[in-house]
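Asks: Fold the following.
(chains A and B)
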Number of protein chains: 2
Amino acid sequence: MKDLIKGELKKFTPEQLKSLCAEARRTIYETVSVCGGHLSSNLGAVELTVALHRVFDFPTDKIIFDVGHQCYTHKLLSGRAGKFSTLRREGGISGFPKREESEYDCYDTGHAGTAISAALGIAKARDLKGESFSVIAVVGDGSFQNGLIYEALNSLKILNTSILIILNDNGMSISPTVGGAHEVFEELKAEKPLEDVALLEHFGLRYLGPVNGNDLDELLPVLETAKEQLKKGTVLLHTVTRKGQGYPFSENAPMQTHGVGPKVTASEYSRALGEELTSLAGRDDRIVAVTAAMTDSLGLRGFFEAFPERAFDVGICEEHASVLCASLASQGMKPYYAIYSTFLQRAFDEIIHDVCGQDLPVVFCIDRAGATGADGETHQGIFDLSYLSFIPNLAIGIPKNIAEFRKMLSFSVGYMHPLAIRYPREGTEGECISFEFGKFEVLHSTMSDIVILAAGERCLKLAEEVRDGLIAQCNVDCSIVNARFLKPLDEELLSSRRESLIVTIEDNVRTGGLGEKIASFYRNSGRTVLSFGYDEKLLPHAEVSSLMEKYGLGVQNIIGEIKKYAGR
Amino acid sequence: MKDLIKGELKKFTPEQLKSLCAEARRTIYETVSVCGGHLSSNLGAVELTVALHRVFDFPTDKIIFDVGHQCYTHKLLSGRAGKFSTLRREGGISGFPKREESEYDCYDTGHAGTAISAALGIAKARDLKGESFSVIAVVGDGSFQNGLIYEALNSLKILNTSILIILNDNGMSISPTVGGAHEVFEELKAEKPLEDVALLEHFGLRYLGPVNGNDLDELLPVLETAKEQLKKGTVLLHTVTRKGQGYPFSENAPMQTHGVGPKVTASEYSRALGEELTSLAGRDDRIVAVTAAMTDSLGLRGFFEAFPERAFDVGICEEHASVLCASLASQGMKPYYAIYSTFLQRAFDEIIHDVCGQDLPVVFCIDRAGATGADGETHQGIFDLSYLSFIPNLAIGIPKNIAEFRKMLSFSVGYMHPLAIRYPREGTEGECISFEFGKFEVLHSTMSDIVILAAGERCLKLAEEVRDGLIAQCNVDCSIVNARFLKPLDEELLSSRRESLIVTIEDNVRTGGLGEKIASFYRNSGRTVLSFGYDEKLLPHAEVSSLMEKYGLGVQNIIGEIKKYAGR
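Replies: Now for the predicted structure:
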């Protein structure tokens, strides 16, 4: 697909617009097949995006895509078609809106529920500056479960401005949409909107729709109407789209094609979580599983099928899920809350007060920890060790492989305090001979004066590479320790070490995690402590190996630093 | 007021119940007058709580008070009347529900919006265990603005259990309730409930009400009805109460009497914030102020009156307020988001992605930082330095006094990146001769081999006391440095120091804040670094001075530790 000339789309005939949709759809399909990315949500939003570009004037008008993973057509129509084959590749087009990438992207998104708040802020700034343009928030029905959306809707009248909210209702988030808001949308679609619309008006919304969001003939006139009504206040346009529209395979399997990698591989740690938890729950009826709209990608489909009465997917509601776990635990249940590392950031206050403040035995199964790669800035799980490390009563485990992860899960059943276990997407089974809570494990013991403390599978692999390099480059060996608990720290082992050079490696930012904790432990001991982790930065989209190499965890960099100190 | 004998209340005549209400009301008023605490919300909830104790059987039935500050009558009726005169005093009765305090408190609360989620978890555990009791969430209309409440309501049908939600609608949170949810409640009160009730039913709620929540004769029968309907599913009972009911002074000034201290003193830092921001905004029309339902206690009433078009109170919506700030800043505005330290925990993810990820010039004015005293665990602002310290692009200032706070605010106007300024409630004006961004300030320079780096007014005062003590006890002097920026750290000054003993003092937990950062900086330097801060613990209610003394910031403890090392 070629880039359009500015203004070209405005002159297209209806037939040309339809061809454009077909071309965008084909380009998205072909690109995602190669580069990975979000398929079904983008296929569903093609006509809607083309219609918005026809009716509104970007970048003067502003558009914010909630979550942002449905922005591909927008990118194709705003000067990025020529580069679209670099989607999600290092240095290439991001899979999410990025202000740095184009003036057509006015606000970065990545997590659910921010678009209406962002649109309101942009519209309010416009009003204050006496400017005049339209601001549009495109929000999936899945995001309408999220509390942040509700908080924004609640303030429409307070802020007294005007935005266009487009509800892109495909009945799905990553999992099928669930809950009360979804049922309201279903009612509206069933053409009984009158009674519910009254309530929307209390919030300061004019309701338009429902309209078929995959049909340009329906969409274009209603968008013109919406644009006109914006002069009078905020409009909610309810569009009904079909996730995966236009590709039968994707239409029929929208969950499986929500995110598509170049090679679709199952996530090994997730699968192990599902297996272990299902097995443990068979023997212990206190065990319940809670997720926030990510059941499949967290490996819990089997658990949900085996124990439907003890499995809760509450939608994109990370805060609510945390409180639910705390309260279930307060009554003697044993909740496992499986969630991606960055999404758990949403529940930070509830982790502190509800779970840990009450010292309740909730287990946080933190998936996609460390860099995650092609999804970029908002999905890199590189802050969890920092934001969990100071929370009272919380233990933090970082398994060295899947076998150890299984051991931690078995252990967790009888552990009656809060526990977080963090692990990356991919992993190897390996073996775990000895496991003890709060204890590190010596993997290589040498007479060398250097010891590497590394946390988690990736960093232990890196530690091995560093060791091999040191031996090869300067015939210096080192011991390697599996630092499998950030909390409690194995102070007994740390005290017993005799090496003068201590090296820490973690796939978390260097601030606030393992490195600072170890450096703090050895302060005033005369030891040299070198810490390696990610730079304090939101990492862009790139392969994990490249991110490690460039942002603080490159093997040669670590070897070089160690050599400097080892030579002292 | 004396404690009731178990079951006694059930036998009371209507007249005796009314007397009980009067007695509870008088006890609350008299106790709060002496001990401080939440007055108007508790006065408003007397009849409702008495009625709940009449109709339900606690502690078999469970009750969760959202936020929790309206639980005083519940405490009086559940065996804590005799100890009630110790309210909010160290070792005495907490101003919030506490599981450790009584079996009648089943779930700790403190921040808004958790009660429905918690009630659902408790009810679900009950169902799974085959038990049978009622679970009640009492939620103020202010909390109904919060996203977490919406997330819980959204999952009612998913969780498929039964709870009683009591909407305690007094038209107020700490500030008057605002927004769309409020307008819906107003409609319901205007006796036009039918059209809106239909929507509630989609969420899985049966609506009862509105009913006068200060009238036992109205309340008792409707609670019996609600109890009966719980067998069929979740019930929302809308009670209309009057904040401050029964005390004309409090009824007429519910905001001023929301929280009452033993002596009502204005907060000095808050007042300075209001003065400076109002003055700065008069000269710079990019400046806007955003709060989450705390306008007065943050000192911003004057700003809101002077610049109503640039002042936004969005209700108890900390996440939304953060995104609003980020988006306003993305369009060239200069937002100041004033908020208490612990409440900002709710916006953690949005600080990372929306504000700092986009490197937008939002200023977080973080009030009530450090220990706050009598409100206890959920209100102690002792984690902010830890949870902010690793966030990319964020600078963190900690003024030594109000004069320096004013300088930081003036500076912030032209600073085009995210900035957090954290400060306690009380303070002194003092003076600020020299101010430079990212630079520490030497307050006492001596030839001693000891330097104390202290952050913020309280810790600098403590440093002075430590210095005085060292001089008096062992004739050892020390230098004192005002560590007024946690980020960027003044590495130039740190490198130039020649002392062998470095002492850090911060009123934050010891993990993840100033101490670990300084220890990390001096690692491998041969210096001894001693760090003092709060223990990693949720601090209970007590005077700030007592909390400092007991949990890591006692002056004699610090002196003792320094003497140990200084003697080496």
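Asks: who in the stretch 201-350 of chain A is up against chain B?
Replies: Residues of the stretch 201-350 of chain A lying close to chain B (Cβ under 8 Å from any Cβ of the partner chain) are A:202-204, A:285, A:288, A:309-310, A:312-315, A:317, A:319-320, A:323-333, A:342, A:345-346, A:348-350. For every residue, glycine as well, the C-beta is placed using N, CA and C.
Asks: what's stretch A:48-56 in contact with?
Replies: Outside stretch A:48-56, the residues within contact range by Cβ atoms under 8 Å, 6 or more residues apart in numbering or on different chains are A:9-10, A:12, A:17, A:20-21, A:24, A:63, A:73-74, A:77-78, A:134, A:136, A:138, A:166, A:168, A:213-214, A:216, A:219-220, A:223-224, A:227, A:239, A:241.
Asks: Show the buried residues in the residues you listed.
Replies: A:17, A:20-21, A:24, A:63, A:73-74, A:77-78, A:134, A:136, A:138, A:166, A:168, A:213-214, A:216, A:219-220, A:223, A:227, A:239, A:241 (16 or more other Cβ atoms under 10 Å in any protein chain shown).
Asks: just checking, which of the residues you listed belong to helices?
Replies: A:17, A:20, A:21, A:24, A:73, A:74, A:77, A:216, A:219, A:220, A:223, A:227 (DSSP state H).
Asks: Farthest-apart pair in those residues, please.
Replies: With Cβ to Cβ as the measure, no two of these lie farther apart than A:24 and A:227, at 22.1 Å.
Asks: average model confidence for stretch A:300-308?
Replies: Per-residue pLDDT over stretch A:300-308 has a mean of 96.
Asks: surely residue A:222 meets residue A:211?
Replies: Yes. Using Cβ atoms under 8 Å, residue A:222 makes contact with residue A:211 at a distance of 5.0 Å.
Asks: Find residues that contact each of the two.
Replies: Shared contacts of residue A:222 and residue A:211 (Cβ under 8 Å, 6+ apart): residue A:237.
Asks: could you give the mean pLDDT of the lengthiest strand in chain A?
Replies: The residue-count maximum for a strand in chain A (DSSP state E) belongs to strand A:501-509. For strand A:501-509, mean pLDDT rounds to 98.
Asks: Would you tell me whether that strand gets close to chain B?
Replies: Yes. Strand A:501-509 reaches chain B (Cβ under 8 Å from any Cβ) through residue A:509.
Asks: Okay, buried residues for that strand please.
Replies: Quick answer for strand A:501-509 (16+ other Cβ under 10 Å): A:501, A:502, A:503, A:504, A:505, A:506, A:507, A:508, A:509.
Asks: Relative to chain B, which of these is nearest.
Replies: residue A:509 (5.2 Å; Cβ to the nearest Cβ).
Asks: Distance check, the spatially most central residue of chain A against residue B:412.
Replies: By Cα atoms, centre = their mean, chain A has its centre lying nearest to residue A:379, at 4.1 Å. Separation of residue A:379 from residue B:412 (Cβ to Cβ, to the nearest Å) stands at 31 Å.
Asks: OK, contacts around residue A:213?
Replies: For residue A:213, the contact set (Cβ under 8 Å, 6+ apart) comprises A:44, A:45, A:47, A:48, A:168, A:169, A:219, A:239, A:240, A:241.
Asks: Double-check the last one against residue A:43; I have them as touching.
Replies: This means residue A:241. No. Applying Cβ under 8 Å as the test, residue A:241 and residue A:43 come out as separate, 9.2 Å apart.
Asks: dump the residue contacts of the residue of the stretch 401-550 of chain A found nearest chain B.
Replies: The minimum distance from the stretch 401-550 of chain A to chain B, using Cβ to the nearest Cβ, falls at residue A:511 (3.8 Å). Going by Cβ under 8 Å, 6+ apart, residue A:511 touches A:386, A:536, B:389, B:390, B:517.
Asks: What is the nearest of the residues you listed to residue B:359?
Replies: Of all the contacts of residue A:511, residue A:536 has the smallest distance to residue B:359: 12.7 Å, by Cβ to Cβ.
Asks: Single out the residue in the stretch 101-250 of chain A that lies closest to chain B.
Replies: In the stretch 101-250 of chain A, the residue that lies nearest chain B is residue A:147 (2.1 Å; Cβ to the nearest Cβ).
Asks: Give me the nearest residue to that residue, chain neighbours excluded.
Replies: The shortest distance from residue A:147 to any residue other than its chain neighbours is 2.1 Å, reached at residue B:147 (Cβ to Cβ, 6 or more residues apart in numbering or on different chains).
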